[in-house]
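Chemist: Okay, sequence plus prediction incoming.
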Amino acid sequence: QSALTQPASVSGSPGQSITISCTGTSSDVGGYNYVSWYQQYPGKVPKLMIYAVSNRPSGVSNRFSGSKSGNTASLTISGLQAEDEADYYCSSYTGSGTVFGGGTKLTVL
Amino acid sequence: QLHLQESGPGLVKPSETLSLTCTVSGVSISSSNYYWGWIRQPPGKGLEWIGTIYNSGSTNYNPSLKSRVTVSVDTSKNQFSLKVSSVTAADTAVYYCARNYDSSGIRLDYWGQGTLVTVSS
């Protein structure tokens, strides 16, 4: 299984919205509604932000939303805040396991 | 409150076997319907899924690691374990254990703090 494709970096100014894409294949992202997103600060443990494409765990801000179209999933962060600066990873079910994306570094300008 | 804690050697010699244990507290592995998994992250790099186990012992592994990886569960100790054989420097990483909320493996909602394992002679 190959890693899902994410942009290496994205940036935005406070208050703006940004979208991070996650591209896979029909064998993973496109084949199942099982895509999740994780936020990770440097040296910290990843935190689940979105699961099953668009569901937010309890306690996660509604500024975070997820969607999927075909083989590409997306994470949108609205009303960007300085605290959103972190690495973001997507993950997808593959039918027999899990595959992660390479990660995207979000910079808040 | 659910808590996971990784334990094991922080230094392993090349060609030897890496062994880690994840101790779970706050929920019983044997009486719950959760899955339990291992993920690793090489220094400065991204996350890599290693494998997942259910309390029955049923496992799924990353195809790229399958020949060298074994995940097992000890319900009597409320622990699950990871073994990676024939390690090389490429296996140097922070190793995390995590709870999978369901069999999809993508809902990793509780993580251990992670343990750095360095492969070096």
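Modeler: That came through fine.
Chemist: near chain B, which residues of chain A?
Modeler: Residues of chain A found near chain B (Cβ under 8 Å from any Cβ of the partner chain) are A:1, A:3, A:32, A:34-36, A:38, A:40, A:45-46, A:48, A:51-52, A:57, A:89, A:91-93, A:96-103. (Glycine included, C-beta is placed from N, CA and C.)
Chemist: okay, residue 86: pLDDT?
Modeler: Looking at chain A here, since you left the chain open. We have a pLDDT of 98 for residue A:86.
Chemist: ah, no, chain B please
Modeler: Per-residue confidence at residue B:86 stands at 97 (pLDDT).
Chemist: coming back round to it: narrow the residues of chain A next to chain B to those that are buried.
Modeler: Among the residues of chain A next to chain B, the ones that count as buried by 16 or more other Cβ atoms under 10 Å in any protein chain shown are A:1, A:3, A:32, A:34-36, A:38, A:40, A:45-46, A:48, A:51-52, A:89, A:91-93, A:97-103.
Chemist: ok so, going back, tell me which of the residues of chain A next to chain B fall in strands.
Modeler: Mapping those onto strands (DSSP state E) picks out A:35-36, A:38, A:40, A:48, A:89, A:91-93, A:98-100.
Chemist: Now for the residues you listed: which two are most distant?
Modeler: A:40 and A:93 (20.1 Å; Cβ to Cβ).
Chemist: Give the residue farthest from the middle of chain A.
Modeler: Computed with Cα atoms, centre = their mean, the residue of chain A farthest from its C-alpha average is residue A:96, at 20.8 Å.
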